[in-house]
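Engineer: Structure for the following, please:
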Amino acid sequence: PWFAQIMLETLDTNILEHKYGDHYLRYMDNIFILGTNKRKLRRARDEIGQFLRENLRLQLKGSTQVYRFEHPKHPDEVRAKGEKQETLGRQIECLGFVIHNNRVTIRKNILKRIRAKAARIQRKGRMTCRDASALTSYKGWLKHTATHGYYVRYIKRNADLNAARRKLRRRAKYGTVENGALHRKTA
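Structural biologist: So this is what the prediction gives:
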């Protein structure tokens, strides 16, 4: 990560100097430039590719895309409560998240993985420390996205995330049990 940050620092400076779009975000090697004109964004992509080749001896992946971000089909139209808003364009997917125009969710394959983990814990009837660690990690994903309804419907009834956190705290405080003997952690 440090090497990528140092190496691409000149790219960040170049993009900000040329003001290619309205908003710019880079995480590691994922670059997002948001603007209102697709033609300008395509030109920016070509210029950035040329800059990378000439100055850093790097090249853009062939999968770079310029597309319209998700937006409501009829923004002025008032809709009834519970009615789904039709959208045009595409959402942004990165780092396991799906960024929509009005919310952030988790990719479907990750949601399915969380749901399957909770179902396995339910079938086993107990939670191991490894399960507790995984659930605690997943709780971070769920906490920062608009997935509360999914959590209540599919995960909460099978696995208690608070119990997972308590289990990990006890393990950190008292140590682990191996072969029937308690091994305390020493400082």
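
Engineer: Which strand residues bridge the residue nearest the centre of the chain?
Structural biologist: Residue closest to the mean C-alpha point of the chain, counted by Cα atoms, centre = their mean, is Phe97 at 3.0 Å. Taking DSSP bridges as the rule, Phe97 bridges to Cys94, Ile106.

Engineer: For it, which residues are in contact?
Structural biologist: The contact partners of Phe97, by Cβ atoms under 8 Å, 6 or more residues apart in numbering, come to 104-107, 145. Using the backbone N, CA and C atoms, a C-beta is placed for each residue, glycine as well.

Engineer: what's the answer for Gly89, then?
Structural biologist: So Gly89 contacts 67-71 (Cβ under 8 Å, 6+ apart).

Engineer: redo that, cut-off 6 Å
Structural biologist: 68-71 (Cβ atoms under 6 Å, 6 or more residues apart in numbering).

Engineer: where along the protein do the strands fall?
Structural biologist: Listed from the start of the chain, the chain has strands (DSSP state E) covering 23-27, 30-34, 71-72, 87-88, 92-94, 97-99, 104-106, 176-178, 181-183.

Engineer: Residues in contact with the first one: which ones?
Structural biologist: Read it as strand 23-27. Counting by Cβ under 6 Å, 6+ apart, 15, 32-34 sit against strand 23-27.

Engineer: how about low-confidence regions in the chain?
Structural biologist: Confidence mapping of the chain against pLDDT under 70 gives the ranges 75-82, 175-187.

Engineer: any idea which helix is longest in it?
Structural biologist: Longest helix of the chain, by residue count under DSSP state H: helix 108-124.

Engineer: Check the burial of Ala119 by counting its neighbours.
Structural biologist: If you count neighbours by other Cβ atoms under 10 Å, Ala119 ends up with 15.

Engineer: In contact with the closest residue to it other than its chain neighbours: list those residues for me.
Structural biologist: For Ala119, ignoring the flanking residues on the chain, the nearest one in space by Cβ to Cβ, 6 or more residues apart in numbering is Asn158 at 5.5 Å. Applying Cβ under 6 Å, 6+ apart, one finds that Asn158 lies in contact with 118-119, 122.
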